[in-house]
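this is a predicted model, with the sequence first.
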Amino acid sequence: MPLPTPFDSVIDQFRPERATGWGSITLLIRNAGTGESEHKEELWTAVLLTLRETATRVLATFPNSSIKNPDELISGVYEKLQARMGNDEISDRHHFFATACTHFRWAMLDELKKRRVD
C-alpha cells in the first residue's frame, strides 16, 4: 500500500460521495472554472505536487534548457491552464494533467526555438 502524501488530507476534505461518479480533483476543476479565486486556490493546492513532479520529468528531457526550476515552468503555463478551465475545455483530472504536460512540452520547445534564433 502506498504511503500517504501531504496532500491526501487536503484532497480528502473535498472528496465527494462516490455516488456522484466524480473524483475530488474533477470537482475542484469544475469549481475553479467558475473563476472564483477560492476555488482556484483549492485546486492548485491539491495538484501542485503532481505538477512539480511532471514538470521535473519534462525538464529532464530538455537538459540544455535555460529553465531549470519546475516552478518556473509551472508558472509559465498557469494562465493557459486557467483560461482553459474557464472555457470549460478541461473535463477531468486526466484531461487536466494531460493538458498541463502538453503545455509544459510546448513551453520547452518554444524556449528552444528562441535560443536557436538568438
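Okay, I see it.

so where is this protein shaky, pLDDT-wise?
Residues of the chain meeting the criterion pLDDT under 70: 1-22, 118.

which stretches of it form helices?
Assigned helices in the chain, in chain order: 8-14, 24-32, 37-60, 70-86, 93-117 (criterion: DSSP state H).

could you dump those helices to a markdown table with mean neighbour count?
The way it works is simple: take the backbone N, C-alpha and C, and place the C-beta from them, glycine included. Listed next are the helices of the chain as a markdown table, based on neighbours: other C-beta atoms under 10 Å:
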| stretch | mean neighbour count |
| --- | --- |
| helix 8-14 | 13 |
| helix 24-32 | 21 |
| helix 37-60 | 16 |
| helix 70-86 | 17 |
| helix 93-117 | 15 |
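
surely G76 touches A107?
Yes - applying C-beta atoms under 8 Å, one finds G76 in contact with A107, separated by 5.1 Å.

so for those two, which residues contact both of them?
I67 (C-beta atoms under 8 Å, 6 or more residues apart in numbering).

wait, L59 sits on D71?
No - applying C-beta under 8 Å, one finds L59 not in contact with D71, separated by 10.8 Å.

for A98, see how far away D92 is.
Between D92 and A98 the distance is 10 Å, computed by C-beta to C-beta, to the nearest Å.

how about T54: what's its closest non-neighbour residue?
C101 (5.9 Å; C-beta to C-beta, 6 or more residues apart in numbering).

do you know how far the one you found is from G86?
Distance of C101 to G86, given as C-beta to C-beta: 20 Å.

wait, the residue nearest to T54 touches V58, no?
Yes - the criterion here is C-beta under 8 Å, and C101 meets it with V58 at 6.9 Å.

what's the overlap in contacts for these two?
In contact with both C101 and V58: no residue, using C-beta under 8 Å, 6+ apart.

residue contacts, I29?
Taking C-beta under 8 Å, 6+ apart, we find I29 in contact with 43, 85, 90-93, 96.

could you dump those to a markdown table with distance to K114?
A markdown table is the format used below for the contacts of I29 (distance: C-beta to C-beta, whole Å):
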| residue | distance to K114 |
| --- | --- |
| L43 | 30 |
| M85 | 27 |
| I90 | 27 |
| S91 | 32 |
| D92 | 33 |
| R93 | 32 |
| F96 | 27 |
